[in-house]
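S.K.: Give me the fold of what follows.
(one chain, ligands or ions: 1)
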Amino acid sequence: MTIREILIHPDDHLREVAREVTFPLSDDVKQLIQDLADTMYDAPGVGLASTQIGVPLRVAVTDILWRSEEVRHNADEPGGLRDLKVWINPEFLWKSDEMVTWEEGCLSVPEYYADVARPAAVRLRWFDAEGTRHESDFEGFQAVALQHEFDHLDGKLFIDYLSMLRRNMITKKLKKLYKS
Ligand SMILES: [Zn+2]
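M.R.: Presented below is the predicted three-dimensional model:
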């Protein structure tokens with residue numbers, strides 16, 4: 001099990017636009033997927049994009065069950081729940097005009113949460129680790145989580161949707177807290 005370091009805003013690598021992955025997956029990319037999952041569960045988080053560990057490839061993992069503290073607490077018990085999803089080269093084919101607002105947070109922007117409005121429903125095309133193409137519609141928390149994760153692959157963070165004043169305040173505080 002390899003836990004990778006999660007980059008914290010304002011790290012320039014978080015602003016990189018990630019490249020598409022080619023199939024069949026190289027051993028490095030297979031290892032990357034495993035590391036992403038291990039790192040996400042360890043954090044713990046409900047999603048992690050490659051960009052967040054400094055690898056600019058279009059790969060992300062999610063497990064929206066991990067929103068629940070009870071699920072996280074019991075994950076390693078018999079009957080513990082996990083629903084790991086791997087998203088490779090994801091692409092939104094459609095987004096609804098209807099918007100929905102959720103309070104978002106991010107492992108790369110620790111300790112800050114803010115309301116962000118995003119399309120309430122999306123249609124997504126993506127590939128799984130075997131290279132099989134999928135297409136499906138998502139709504140609710142899942143739709144929001146996917147938009148948040150795939151923003152990372154384009155070098156975008158949820159704080160980009162906030163006012164410049166609020167964003168600058170968060171950047172300043174994180175710089176002070178995490179300065180190495
Ligand atoms: Zn994030």
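S.K.: from here on, contacts and neighbour counts on C-alpha atoms
M.R.: Noted.
S.K.: worst-scoring helix or strand of this protein, pLDDT-wise?
M.R.: In the chain, the helix or strand scored least confidently by mean pLDDT, DSSP states H and E is helix 69-74, which has a mean of 84.
S.K.: Can you give me the buried ones in that one?
M.R.: Residues R72 are the ones in helix 69-74 that count as buried (16 or more other Cα atoms under 10 Å).
S.K.: Following the chain onward from that helix, which element is next?
M.R.: Along the chain past helix 69-74, the next helix or strand (assigned with DSSP states H and E) turns out to be strand 85-95.
S.K.: per-residue confidence for the residue of the chain most remote from its centre?
M.R.: Of all residues in the chain, P78 has its C-alpha farthest from the mean position, at 27.2 Å, by Cα atoms, centre = their mean. At P78, the model reports a pLDDT of 82.
S.K.: Also M1?
M.R.: Value for M1, per-residue pLDDT: 86.
S.K.: swap in the one 3 residues further on?
M.R.: At R4 the predicted local distance difference test score is 97.
S.K.: Show me the shaky parts of the chain.
M.R.: 180 (pLDDT under 70).
S.K.: so where do the strands sit in it?
M.R.: Using DSSP state E, the strands found in the chain span residues 47-49, 59-62, 85-95, 99-106, 109-119, 121-127, 133-139.
S.K.: If you count contacts, what does the third one end up packed against?
M.R.: Judged by 3 or more Cα pairs under 8 Å, 6 or more residues apart in numbering; DSSP states H and E, the packing partners of strand 85-95 are strand 59-62, strand 121-127.
S.K.: and those strands, which is most packed in?
M.R.: For the helices and strands packed on strand 85-95, the largest average neighbour count (mean count of other Cα atoms under 10 Å) is found in strand 59-62, namely a mean of 26.
S.K.: what's around K95, how many residues?
M.R.: 19 (other Cα atoms under 10 Å).
S.K.: is the closest residue to it other than its chain neighbours in a bridge, and if so with what?
M.R.: Excluding the flanking residues, the one nearest K95 by Cα to Cα, 6 or more residues apart in numbering is V122, at 4.4 Å. Taking DSSP bridges as the rule, V122 bridges to K95, F138.
S.K.: Who are the contact partners of V122?
M.R.: Shown in contact with V122 (Cα atoms under 8 Å, 6 or more residues apart in numbering): F92, L93, W94, K95, S96, D137, F138, E139, A143.
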